[in-house]
Each structure stands twice: as C-alpha cells, then as structure tokens.
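Engineer: sequence unavailable; structure follows:
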C-alpha cells in the first residue's frame, strides 16, 4: 500500500501517540465478534448473558458461556497487526494503546502501555473482596470458579449496564488530550465512550488515521482513512516509519 507523504511525515514527527483498537483487529486472528448469528450460544445472545442481572440469576450459565468463549479464544494467536502495534510502541516515548477487546491478544503480542477498557477474559474478580487475578485455565475445572475466600469469581469484564473503570477512562482522556497522532483501528465507532475518542482527538489538534475493513461514521471526518486489514496495513506502515 502506498502511503501519502503527509501521513508518513505526521507519523515520523509525532511525539505523543494514541491507538484505539476494536473487534476488527481480533477478527483477523479468528476471534468471533459475538454479534448477530455469530454471537448466538444455546439460543442466547451476548446481550442476555453479559449483564450483572444474568450473573446474579444464574452464574453457572454465564460462566459456561465464558468458558466456551475462552476455549475459542485460546486457539487464536496475535496477527501481524497486533505485533506492528507493539513495535510502534517502541518508536514513541509517549504512547498509549486503548483496546475495546477482551481477548488479551495485544498483551500476547508484547504491548505493555495499554488500557483494556472493557476488561480481560483471562482475568477473574472476587465478588466479595474485589481482588483481581489471572486465570488461564482452559477448560475451567469448576463452573462457576470460586475464590480462595469461598466467594464466586466473575469474569473481569465490563458488562452491559456497568461503568468503565474510572482510572482507565481518566488515563485514556489524558492521553487523547495531549496526543498529536491518533489511530482508530478495527472499530465500528459505535460503542461509547470509545466511539467519540477519534473526534475528540481531532478537535484537540491530533492527526487522526483510521484503519478499517469498511467505512465508518467518521471515515469522512478523519485526516486519513485506509480501507483494508490491519494485519496487512500496519506492518507496511511500521516498515515505512522504521526506515530512515
């Protein structure tokens, strides 16, 4: 792919960079989006299971669904797009990756400066003490899993009807407010508050680059919209930026 001189210059001169990723980049690794027919499990939709009410009513059912999801995701590996983002992190001193994805693939690819604003499916939280810990067991031996204190563990995921972690949001807003380069990658720009991040960055003077398979509501408003797979475009861009 040919990149404009303006794009490469903006990327090379940037001092503070924010990258936002959505389901599109994970879909390239084979992670189901859990939307529409793809999201059906035992005739349940994701919106019916990923709620505090559903967990309170039937934690076993909700955990069986998450155990199924974890088994699917465990077979998926980071793609070249994930690795390119991890490599971009090394190019910029001031860098933040904000992801809406819960699959943990960015961490697997080596990203360290990141905020998983919707949580991580490989982490669990005690419903009594709020303690968060990693759990990589696939499949789960006990459903629902229990904490050492005896209380039920829940997925460390932000469910429908729950608020995002304030520290994650505050860190994200601060980074967006000072960045001069913003990437929105593989996101449909629908789910708030992340849907507003790109235009927020642009309103504060950042150069905004979109990489997505299909056009989105902000495609005509960003500075550059690159249509295609993140796993193909990002490695090429990284190579361009790494060259002298």
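Structural biologist: Yep, that arrived. This is a predicted model, so every value here is computed, not measured.

Engineer: longest strand in the protein, please.
Structural biologist: Secondary structure assigned by DSSP state E gives strand 119-126 as the longest strand of the chain.

Engineer: adjacent strands (with direction) for that one?
Structural biologist: According to DSSP bridges, strand 119-126 has the following sheet partners: strand 132-134 (antiparallel), strand 153-157 (antiparallel).

Engineer: residue contacts, residue 182?
Structural biologist: Residue 182 makes contact with 17-20, 176, 197-198, 201-202, 206-209, according to CB atoms under 8 Å, 6 or more residues apart in numbering. All C-beta atoms are positioned from the backbone trio N, CA, C, and that covers glycine.

Engineer: show me which of those residues is closest to residue 84.
Structural biologist: For those, the minimum distance to residue 84 (CB to CB) is 10.1 Å, reached by residue 19.

Engineer: contact partners for the closest one?
Structural biologist: Under the criterion of CB under 8 Å, 6+ apart, the contact partners of residue 19 comprise 85, 88, 95, 96, 97, 98, 182, 183, 185.

Engineer: of those, which is the nearest to residue 118?
Structural biologist: Top of the list for closeness to residue 118, among those and by CB to CB, is residue 98 at 10.2 Å.

Engineer: and the closest one, how far is that from residue 159?
Structural biologist: As for residue 98, its distance to residue 159 is 19 Å (criterion: CB to CB, to the nearest Å).

Engineer: which parts of the helix or strand bottoming out on mean pLDDT in the chain are buried?
Structural biologist: Lowest by mean pLDDT, DSSP states H and E among the helices and strands of the chain is helix 46-49, with a mean of 89. With burial defined by 16 or more other CB atoms under 10 Å, the residues of helix 46-49 counted as buried are 46, 48, 49.

Engineer: could I get the contacts of residue 19 as CSV with pLDDT?
Structural biologist: Formatted as CSV, those follow (pLDDT from 0 to 100):
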residue, pLDDT
85, 98
88, 95
95, 98
96, 99
97, 99
98, 98
182, 98
183, 98
185, 97
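
Engineer: on that earlier part again, of residue 98 and residue 159, who's got more company?
Structural biologist: Looking at residue 98 and residue 159 with other CB atoms under 10 Å, you find the greater number of neighbours at residue 98, namely 23 against 18.

Engineer: surely that one touches residue 113?
Structural biologist: No - judged on CB atoms under 8 Å, residue 98 makes no contact with residue 113 at a distance of 10.1 Å.

Engineer: all strands of the chain, in order?
Structural biologist: Under DSSP E, the chain gives strands at 16-21, 94-99, 114-116, 119-126, 132-134, 153-157, 181-185, 207-212, 224-227.
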